[in-house]
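Colleague: return atomic coordinates for the entry below.
(4 chains, ligands or ions: 2)
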Amino acid sequence: MNPVYADHIATTPCRPEVFEAMKPYFMEHFGNPLSLHDFGQTARDAIEAAREQVAGLIGAKTEEILYTSSGTESCNFAIKGMTHAYQKKGRHIVTSSVEHHAVANPVKFLEKNGCEVTTIPVDSAGRVDPDQVARALRDDTALVSIMLANNEIGTIQPVAEIGRITRERGIVFHTDASCAVGNVPVDVEALQVDALSLSGHKFFGPKGVGALYLRKGTRITPLIHGGIQEGGRRAGADNVPGIVGLGAAAVLAREEMNDRVARVTDLRNRLISGILERVDEITYNGHPELRLPGNVNIAVNYVEGESLLLLLMHKGILASSGSTCTSRALKASGVLTAIGLSEQACQGSLQMTLGPGNTDAEVDYILDVLPEIVSKLRAMSPLYHRKD
Amino acid sequence: MNPVYADHIATTPCRPEVFEAMKPYFMEHFGNPLSLHDFGQTARDAIEAAREQVAGLIGAKTEEILYTSSGTESCNFAIKGMTHAYQKKGRHIVTSSVEHHAVANPVKFLEKNGCEVTTIPVDSAGRVDPDQVARALRDDTALVSIMLANNEIGTIQPVAEIGRITRERGIVFHTDASCAVGNVPVDVEALQVDALSLSGHKFFGPKGVGALYLRKGTRITPLIHGGIQEGGRRAGADNVPGIVGLGAAAVLAREEMNDRVARVTDLRNRLISGILERVDEITYNGHPELRLPGNVNIAVNYVEGESLLLLLMHKGILASSGSTCTSRALKASGVLTAIGLSEQACQGSLQMTLGPGNTDAEVDYILDVLPEIVSKLRAMSPLYHRKD
Amino acid sequence: MLYSEQVMEHFMNPRNVGELENPDGVGQEGNPTCGDVMQIHIRVVDGTIADCRFKTFGCGSAIAISSQITEMAKGKTLEEALAITKEDVASQLGGLPPQKMHCSNLGAAALRKAIEDYMARRPAELVQ
Amino acid sequence: MLYSEQVMEHFMNPRNVGELENPDGVGQEGNPTCGDVMQIHIRVVDGTIADCRFKTFGCGSAIAISSQITEMAKGKTLEEALAITKEDVASQLGGLPPQKMHCSNLGAAALRKAIEDYMARRPAELVQ
Ligand SMILES: Cc1ncc(COP(=O)(O)O)c(C=O)c1O
Ligand SMILES: Cc1ncc(COP(=O)(O)O)c(C=O)c1O
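Modeller: Ligands and ions are numbered 1, 2, ... in the order given. Model (predicted):
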């Protein structure tokens, strides 16, 4: 049996159409878009066509798309670059307690280097309250950065409401949509954001390429200075095949969006309701509806996440966990703590993230296998015994 | 006839071996190296194997290689990151007048943001005098950044001598070797550098991937904060296929280095001596011997570079120029000005950069075609007339 | 995965899982809020560990270590069992990833606590 | 390349290259240190530009513009010729890339200077 890949949040494979689109740009059309000659023109045309495709996926204007190397780079670019560009307003940043490291860590860096940071907490479903954001805004607020969808619990934030507030106050607003774009409909006009980060490998595009949407007129200081790529705002040789792949992934996502959402939501609902039927003492984390279609995040009481992953892997099921032991930094997930999970419950964290390539049979298989695995581990757990 | 690609400094095609090595990592082995499961392990093994290959090419230890998205990112990372990490020493930076924008522009950015910069001039061959670097060092010098090889005139700098001086003074030293690595032998021990930037697409590797060599014990502040990739020093999803391609390109470069240098030097010498025989009033820029093997940089008096490029392109020859009109920023090459070329001579700049894939027949063809083109343009030039 | 074959073998097929009825000694080490918890039961006959069981809440290495150390303890005198170090356990398992070495400490510590518990229950003269 | 077909056609096959023997007017515009130099020679017969030649040091668009404007000037009265704008030249060429629009200015300026030179050489009454 092929492995059941239930870790789409970690990364996704390139779709064959994406790889086919990229292929000619490695050896045949290998020119540098900055070159004046024909090879350069071919490359330039390719990345400009992709820019239109990426813009089309999120309702942006073509010239509002800047290429980067990852969602993380986009977030760093937005956070450091906009804070720097708007420093005359002040050095206060508003963010949430459930941001990905790609946002939380540059914010922490800026905090150490003279910025002041207000971190908005979330409720037990992982949602930020827009009113709290409104109250946190100050005259010296340079930037608000609140994610669109959470990579662990899948919760989708009220970004449009926050966008309305920041726009009223004339404060620039970045949203990290790295795991949302391509998986749920995203429209920068509806969201009223000034900047938005996205990442190719989260929606069947290639690794090594991301983009930053930057609303026309929004100022930003480059993170990578150098040549005149991206209008001088993001220097460095263009990753032409990667960019072409990002464009192709954007086209597929746009075409398939409704199907993807419907199909993956259905798989997810079958998976979570099946688990809740078959296994007791489970917490289903995140918001029941306002969540990424494929995201199933649970806490399995009395067992530890890495053991769960290993036994699942032994059965050919690839998933992830927010437990201490599965984190290379040996820290339990901050997101699970932020929604109020006990530290012990965090240890039993299990995340399965489905994609449109998963099948009903795969979901059935997970539902077959998981209860036994949990029983086996609980039988070994001194904590489970205690409880009886 | 196939085009004659004489623009290897702009970029190079992926070698078939490189593309073959990358291929399985788009769809089959698509895992995220951070994932604990088998797909993650396969990806992790792949990027660690590549790290050893890249290290092997430049005489570094495996753990001294950090992946980035380009030579430009590597340079920004080194310059901003080391200046920040060593700011307690001071905020003085020493650099040269012929650096690529990838170095010059982050330095300029730091200068605007509180750093002091000393720019060392070059002689008419484009070389920095190490004694001048020594005299420029101060107690508050945080960083020296001098390139290894110049991307326009090909001149190779006395980096090892500078390295000896900076090491004695206990000052960290970065060299931008983006267009040198893979094309000439580079050994970080011989060069005595603390940091070195390299770029995949300059030596038949893929676009979208570079590396920073960082000597063990050298401090650096991340440019891209986020996850724990690269030991927390460079966050963002690993570009697994790109990294694998970089490794494969490094292996090829190491194996073929002697041949490449010999073959390309020979082609270059034939090209430049042929040109000097056939066309009068030409300046050959850069150092006669201490230069990149494939680099031919000339100033063709009385004509303008873009016109030269267009007519060459019409004949199927792809080259580049440092003239005002060929620059999208509408500025003549700062390097040509730095070596003392008159602004008028800069306008006649023509650069042809050869690679190991070029043939003797292609050189002969260029030599056949170029004199006519120059004559045609000179016949049209009011400056040329004047001179008689 | 990051584990040796031996670790995976013990993890997949852990030896001596469970509890003993009326154990002679019980030791528990670790803390559920920050990671692993190991509990070891021992049966002591003539100063020798005649039987040994574990229950563990923890990651793959924690379970493998529990399985391994209970195997190592069986048949050993109390003194010999007390001398088992975390390095002994790790090396019997073909090594552990660096960030997992702390787990191997838990095993030795839980075993020591079980032996101490046994000794604490005995009249003083027998403990000599 | 970034040029229209018309630009490339004029660049590859420029019309009216060269100088006139004893021209009636000569105009030069531009500066070799910062880019392009255009020189235009005119022959004036009965207040009309009977012939027109150019020499240009410059990029593709500069040469194409020179070629185009000399074509446009021929047969025109001085007044008509003076009315040629950079936009006229650019649009005859099917447009120019934005960063090249300044080149089209050079053409019109050189032609104007040639006409001015012609007028400066004439007795005042004829210039009326
Ligand atoms: C000397 C030098 N430095 C830096 C760079 C930038 O490298 P990349 O194109 O990978 O961003 C180049 C590339 O042109 C270069 O030649
Ligand atoms: C919410 C979120 N932000 C940022 C990132 C980082 O994106 P990338 O992996 O492209 O660096 C991720 C990826 O895990 C994410 O899910």
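Colleague: residue contacts, the residue in chain C that chain D sits nearest to?
Modeller: Nearest to chain D, among the residues of chain C, is C:L2, at 52.8 Å (Cβ to the nearest Cβ). C-beta: built from backbone N, CA, C; applies to glycine. Contact analysis of C:L2 by Cβ atoms under 8 Å, 6 or more residues apart in numbering or on different chains lists B:36, B:41, C:97, C:100.
Colleague: so residue 43: helix, strand or coil?
Modeller: All of this refers to chain A. helix (DSSP: H, G, I helix; E, B strand; the rest coil).
Colleague: oops, I was thinking of chain C
Modeller: Of the three states, C:R43 takes strand according to three-state DSSP.
Colleague: quick check: pLDDT value at it.
Modeller: pLDDT, C:R43: 96.
Colleague: and for C:T77?
Modeller: The pLDDT attached to C:T77 in the predicted structure is 96.
Colleague: what about it, how many neighbours?
Modeller: Using other Cβ atoms under 10 Å in any protein chain shown, C:T77 has 13 other residues around it.
Colleague: and A:E48, by the same measure?
Modeller: One way to gauge burial is a neighbour count; for A:E48, by other Cβ under 10 Å, it gives 15.
Colleague: quick revisit: out of the contacts of C:L2, which touch chain A?
Modeller: B:L36 (Cβ under 8 Å from any Cβ of the partner chain).
Colleague: which PyMOL command selects the buried ones in the contacts of C:L2?
Modeller: Here is the PyMOL command that picks out the buried ones among the contacts of C:L2, judged by 16 or more other Cβ atoms under 10 Å in any protein chain shown:
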select buried, (chain B and resi 36+41) or (chain C and resi 100)
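Colleague: just give the nearest non-adjacent residue to residue 85, would you?
Modeller: I'll assume chain A. Distance criterion Cβ to Cβ, 6 or more residues apart in numbering or on different chains; nearest residue to A:A85, sequence neighbours excluded, is A:R219 at 3.9 Å.
Colleague: correction: the question concerned chain C.
Modeller: Distances taken as Cβ to Cβ, 6+ apart place C:A108 nearest to C:T85, at 6.1 Å, with adjacent residues excluded.
Colleague: quick one: which helix or strand includes the one you found?
Modeller: C:A108 belongs to helix C:101-121 when assigned by DSSP states H and E.
Colleague: do A:L336 as well
Modeller: The secondary structure element spanning A:L336 is helix A:334-338 (assigned by DSSP H and E).
Colleague: so which bits of that helix are buried?
Modeller: A:335-338.
Colleague: so which of those residues reach chain B?
Modeller: Restricting those to those within reach of chain B (Cβ under 8 Å from any Cβ) leaves nothing.
Colleague: before we move on, the earlier item: surely the residue nearest to A:A85 touches A:H84?
Modeller: No - A:R219 lies out of contact with A:H84 (Cβ atoms under 8 Å); the separation is 9.1 Å.
Colleague: quick one: which of these two has more around it?
Modeller: Between A:R219 and A:H84, counted using other Cβ under 10 Å, A:H84 has the larger neighbour count: 19 against 12.
Colleague: the more buried one falls within a helix, correct?
Modeller: Yes - note on A:H84: a helix contains this position according to three-state DSSP.
Colleague: which other residues reach stretch C:106-121?
Modeller: By Cβ under 8 Å, 6+ apart, the list of residues contacting stretch C:106-121 from outside reads C:23-30, C:36, C:38-42, C:44, C:54, C:58, C:62, C:65-66, C:68-69, C:73, C:78, C:81-82, C:84-86, C:88-89, C:127.
Colleague: which members of the residues you listed occur in strands, if any?
Modeller: By the criterion of DSSP state E, membership of the contacts of stretch C:106-121 in strands covers C:25-30, C:38-42, C:44, C:54.
Colleague: and those residues as a markdown table, adding neighbour count and distance to chain B?
Modeller: Conversion of the ones in strands among the contacts of stretch C:106-121 to a markdown table gives the following (neighbours: other Cβ atoms under 10 Å in any protein chain shown; distance: Cβ to the nearest Cβ, whole Å):
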| residue | neighbour count | distance to chain B |
| --- | --- | --- |
| C:G25 | 24 | 35 |
| C:V26 | 18 | 32 |
| C:G27 | 21 | 30 |
| C:Q28 | 18 | 27 |
| C:E29 | 19 | 25 |
| C:G30 | 23 | 21 |
| C:M38 | 27 | 22 |
| C:Q39 | 24 | 26 |
| C:I40 | 33 | 27 |
| C:H41 | 25 | 31 |
| C:I42 | 25 | 33 |
| C:V44 | 22 | 39 |
| C:F54 | 30 | 24 |
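Colleague: and these, which two are furthest apart?
Modeller: Between all members of the ones in strands among the contacts of stretch C:106-121, the longest pairwise span (Cβ to Cβ) is found for C:G30 and C:V44 and amounts to 22.9 Å.
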